[in-house]
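> Next input, structure requested:
(chains A and B)
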Amino acid sequence: MMLYLILLPMLISMTLTAFLKDKLVRSRLIAVSMTSLSLLISSVFFYVYFSKDLIENFSWFNIETYTFQISFIANNLHLLMAVVVSFISLLILIFSVFYMRREKQEKYYFEMSLFIFAMLGLVVSNSFILFYIFWELMSISSYLLIGFWYEKEAASKAAKKALILTKVGDVSLLTAIIILFANTGTLSISATLSGLSSIPQVYLTVSAALFIIAALSKSAQFPFYVWLPDAMEAPTTVSALLHSATMVASGAFLLIMIAPLMYVSGTMVYLVLISLITIFISSLLALESVDTKRILAYSTIDSLAFMFLAVATLNPDGALFYLIMHAVFKSLLFLLAGELIILFGTRNIFKLRGLEIGKPIFYVPAFIGLASLAGIPPFLGFFAHATLSYNFSISIELIFMVATFLTSLFSFRLFFTVYHKNGTEKIREDKFAIIPIATLSILSTVGGASLFFFNSIIPIAYSFDLFLVLDSIIALLGLFAAYYFYSNRDFPYAKLDKKLKSIFRGVTYDDVLASTGTAITKFGGLVDRFEDALGEAFDSVGSLSFSLSYISRELQSGDLSNYIVIFIAGAILVMILMLVGV
Amino acid sequence: MINLIYLILPGVLGVIALYLKDITHSNIPSKSISYTAMGATLLLLLLGTIFGFSGFNLAISKAIDLSISFNLNGISLPFLFLAVLMPMLVLPSFKYDVFDKKLTFNVLFLVIYVSIISMFMSSNLLSLFIFMEISLLSAFFAIFLWGNESSFNSAMKFLIFTQISSMLILTAFLMVFLYTGSFELTSIGAFTHSANSIYLSTVFMLVLVAAIIKFPVFPLHVWMPGAYYDSATSITALLSGLFSKIGGYILLLFILFITPISASYFSMPVMILAVISAFYAAFIALSKKDLKMMFSYSSMLYMSLALMGIMSNNAIGIDGGIFLMISYGFISPLAFILTGYLRSQTGTTDMTKVGGLMKKVPTFALFFFIVVFASIGVPGFSNFIGEFLVFLGVFKFYPLIIISIVSMLIATGYYLSAVKRIVFEKFFAPVKNLHDLSKSELIQTVALSFVIIILGIMPYILINSINLGVV
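Have a look, this model is predicted:
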């Protein structure tokens, strides 16, 4: 009951940060306290509704016989996501106190509160229209946050690109919702999922395809992945929250939530294909990037593709577990990148290497995070891989092992490039930065154990089989390969990087995207010229009437002899006509 | 019980007061008289929604069944709401372009105001026509007298096109009169509602062509770019926010009450036309470099979508079309107010000559964002509801037409390009000293945004006042 209470604190935060000046009440205080409140409420609800299933309906408006309802759902899956989202958001907001202290506070905390509000709403909504509303609100807050430093041309371009590409997904999502609503008469997700048999197969397939397109665009998969690396123009805390842990995961969450619909639609084989393509493109692009955040962005695309692969192999719960665990270690990695940016002022891995960062306080959490990403035991990623790969066929397992090698390779390339020698720099540590990083690092280390009792929350299957052992060995191989190639940064490395760059220049199809945009605008220009021609055509009709009137005006010449001539001519004409017999 | 005649009384009294002011050369600013009149009307409308309305009937000529009768039919209330509230919020923008003949401007404004309200309330078709004509003729003068250099041509084009559409409408009304012997909407409805014949289809077709001219919809929209661009800011806001609904309103009267069956025959071709028009407008808006032109074509895009919804032959689509019309009737004045502000501050509305405005005038940027987000259908703003319902209704009618949703993508494209050009990045403008929105502008923009957001969150305010079955 009253599930919207989870959202209410964030709504209050939004209103307060929008209208109160930071000098009056600190925006960060409002945001952090409200997010903690949301976390508290979600946890309470999670506990209260454990293993129960509750749906709450509110009637929004109705037209004749159709009722458009807003409905919320409380069950383990959704409330767990609410807890996770609010927890990660809270940690990142605490880090923001450190990271954003020199920026415009109200705007940042307003936009973050808007985002958290939307994300929380998304995970507890049971109504397609409500889901869409929050989905769209997330796109908008992402646009605003990516364009936070709007004076930089790169940021404003990235924001526009992100919104346009995610809007493609939004439009597909809306179309899918309309298709389903027209066929079932209800907007409720639970009702639709239980009534799948009443929908004609063609609509099931079309709507599933549209849902997949929506998820692909939001989660930056092939072919929509180009917006995410550019979105790294946003402040790093934004990248940590939106573009790694939560918003981009909402695409995977959508597919997990409507898994029954996906599985009867017969589109899963395409999803497997797309996920595999994405994995390889992103891993290879990560290998040739030199910007910490860009590498992490590609790694996010990579991890999301893992989740999609799990969903596509009929393992949505495994995907969910990976989603939650990924949020933990990915946000940790982004926060670390953010810390490096604030303390050392650069994102370029070579410049960072030059600064000789070697203190354990930097590289220990980095190692934990990257090891989780690569899947090295005993960190979080290893356990996540166990459940992720439950349904993999042999061929997929083999491909996945290559993917693991690549993932490990680019992760530790990042590690060994940046953290090089043991430096002796004096850095002042900020408690707002330490607390979130420490929390997330600890979780990444011991969190894997949660796999064993996760089953009581959501039934998941996992197996520690030969494949998993081989996989972790390959991850370790990647680590050593990275150490070999990149730890000693001289000649061999430069050659490898250059070669990779030349191969993959074409894979970021930015040029294609830009030229499509230009082509569409040029087409608009053509239509515009047609419009001008149309206007002139109508104008010529007008001038035609003027010309006609000039000519016919002459008839009223005022000249008597003229009139007599016309009169006689007319009389003769009439007589002829009468004679002819008209 | 508020008698509907009271709704136009303040306006009429306002016109008389302005005339008196002219004679006595009093010092009361004309605009105060206008505001008072419009405010009083708004108050009366609110009282009416609480206490109920009662009809008004004044027979002028029994022979031709001409009477001024005001009665609310099922769809009047949303349009009345728009017609009463919006002009008041648009009037302050006259300060950008109206430097002389202020009294005349206010008179024309009030005349337009009163005639459009009367039009939406009329249940006698002939008086409806008369009021419509009064408003259109006043609009001609309004466009011409305070527009820019080429406003005479644009005003003439506007006049000729709308007069053609008025002739078509009059012909349709006369044909209905000959068929049923009455101009009264209720009696006509009883007669023709379930009838179906070539005669009635012709009637509907005439109204349809008239509406296509008025909305405007491709291909009879050529008057629009000139008329919208060359007129004063407040007049453009009125044109796109109010006048474009007239065609829709009359079309709706025919679809719902007079010739419903004939209307259903025309659904498919008209919807295809509407889809073509939507894409047409979207592509042109994409290529425009001038902000005011972009907003004009954007208005055409949404009107085409509304036409699509209205012709979709089901309640969801029709409600959606009405909602979209009303919603955009608030968004587009906001857009034009912002372009008027931009022109008054920087001297240009060309998007290539201005940039980075967020730094200097953040409040303007905020409302520009609201316009953009509201237009592209971000939930929380009213356009989302309208678009959603329209596309849903259209899908129910014929699934493939949902392809029109791609026009929303193109709209996003040009709106975001506009934002990127004028709001983001480095600041540059022909004039360096920019003042942020003044108090009167702030009142306008806040009030309009407020309405847009309220309608977006609580759409039932409008939807519950629509009753598609009742005349």
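
> any idea how far whatever residue of the stretch 151-300 of chain A ends up closest to chain B is from A:T518?
Nearest residue of the stretch 151-300 of chain A to chain B: A:S156, at 3.6 Å (CB to the nearest CB). Using the backbone N, CA and C atoms, a C-beta is placed for each residue, glycine as well. A:S156 sits 18 Å away from A:T518, going by CB to CB, to the nearest Å.

> if you count what's nearby, which of these two comes out ahead?
When neighbours are counted by other CB atoms under 10 Å in any protein chain shown, A:S156 and A:T518 differ, and A:S156 comes out ahead with 25 against 10.

> That one: what secondary structure?
Per DSSP: H, G, I helix; E, B strand; the rest coil, the secondary structure class of A:S156 is helix.

> again with A:E103
Going by three-state DSSP: A:E103 is coil.

> Please put the alpha-carbon coordinates of stretch A:329-345 into CSV.
Taking Å, rounded to 0.1, in the frame of the first residue of the first chain, the C-alpha atoms of stretch A:329-345 are listed here in CSV:
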residue,chain,number,x,y,z
PHE,A,329,31.6,-2.6,-9.2
LYS,A,330,31.0,-0.3,-12.2
SER,A,331,30.0,2.6,-10.1
LEU,A,332,33.1,1.9,-8.0
LEU,A,333,35.2,2.1,-11.1
PHE,A,334,33.6,5.4,-12.2
LEU,A,335,34.0,6.9,-8.8
LEU,A,336,37.7,6.1,-8.9
ALA,A,337,38.0,7.6,-12.3
GLY,A,338,36.3,10.7,-10.9
GLU,A,339,38.6,10.8,-8.0
LEU,A,340,41.6,10.7,-10.4
ILE,A,341,40.1,13.5,-12.5
ILE,A,342,39.6,15.8,-9.5
LEU,A,343,42.9,15.0,-7.9
PHE,A,344,45.1,14.8,-11.0
GLY,A,345,43.1,16.7,-13.5
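
> Show me what counts as buried in that stretch.
A:329-344 (16 or more other CB atoms under 10 Å in any protein chain shown).

> Could you confirm whether the lengthiest helix in chain B reaches chain A?
Counting by DSSP state H, the longest helix found in chain B is helix B:315-346. Yes - if you take CB under 8 Å from any CB of the partner chain as the test, helix B:315-346 does meet chain A, through B:A315, B:I316, B:D319.

> Nearest residue to the residue of the stretch 151-300 of chain A closest to chain B in space, please, no chain neighbours.
The shortest distance from A:S156 to any non-neighbouring residue, by CB to CB, 6 or more residues apart in numbering or on different chains, is to B:F424 (3.6 Å).

> Strands of the chain, residue ranges please.
In the absence of a named chain, this looks at chain A. A:54-63, A:66-74 (DSSP state E).

> switch to chain B, that's the one I care about
For chain B, the strands defined by DSSP E cover B:2-3, B:53-54, B:56-61, B:66-70.

> And those strands: which comes nearest B:P459?
Among the strands of chain B, the nearest to B:P459 by CB to CB is strand B:53-54 (22.1 Å).

> Direction included, what does that closest one pair up with?
Looking at strand B:53-54 with DSSP bridges, its partner strands are strand B:2-3 (parallel).

> if I look at A:P377, how far off is chain B?
A:P377 sits 44 Å away from chain B, going by CB to the nearest CB, to the nearest Å.

> what about that residue, how many neighbours?
Other residues close to A:P377 by other CB under 10 Å number 19.

> now swap in A:K293 and tell me
25.

> And for the one 5 residues further on?
Neighbourhood size, A:Y298 [other CB under 10 Å]: 24.

> Now for it: which residues touch it?
A:P229, A:S282, A:S283, A:L285, A:A286, A:S289, A:F410 (CB atoms under 8 Å, 6 or more residues apart in numbering or on different chains).

> where does it land on pLDDT?
pLDDT, A:Y298: 91.

> again with the one 4 residues further on
Among the per-residue scores, A:D302 shows a pLDDT of 91.

> does it really touch A:I279, like I thought?
Yes - at 5.8 Å, A:D302 and A:I279 qualify as touching, with contact defined as CB atoms under 8 Å.

> Who has more neighbours out of those two?
A:I279 (27 against 24).

> Can you tell me which of the strands of chain A is packed in deepest?
strand A:66-74 (a mean of 21; mean count of other CB atoms under 10 Å in any protein chain shown).

> any bit of that one sitting next to chain B?
Yes - Strand A:66-74 lies within reach of chain B by CB under 8 Å from any CB, at A:Y66.

> okay, and for chain A, where does confidence drop off?
Along chain A, the model assigns pLDDT under 70 to residues A:1, A:356, A:358, A:420-429, A:487-511, A:582.

> Could you identify the longest helix within it?
From DSSP H, the single longest helix across chain A is helix A:510-553.

> can you pull the contacts of A:K161?
Here A:K161 is in contact with A:V226, A:W227, A:D230, A:L513 (criterion: CB under 8 Å, 6+ apart).

> Select from these the one having the most neighbours.
A:W227 (24 neighbours).

> returning to that earlier point: please identify which pair of the contacts of A:K161 lies farthest apart.
A:D230 and A:L513 (10.3 Å).

> Tabulate the residues of helix B:315-346 next to chain A (a markdown table), appending distance to A:M100, pLDDT and neighbour count.
Listed next are the residues of helix B:315-346 next to chain A as a markdown table, based on distance: CB to CB, whole Å; pLDDT from 0 to 100; neighbours: other CB atoms under 10 Å in any protein chain shown:
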| residue | distance to A:M100 | pLDDT | neighbour count |
| --- | --- | --- | --- |
| B:A315 | 49 | 87 | 18 |
| B:I316 | 45 | 89 | 26 |
| B:D319 | 44 | 92 | 29 |
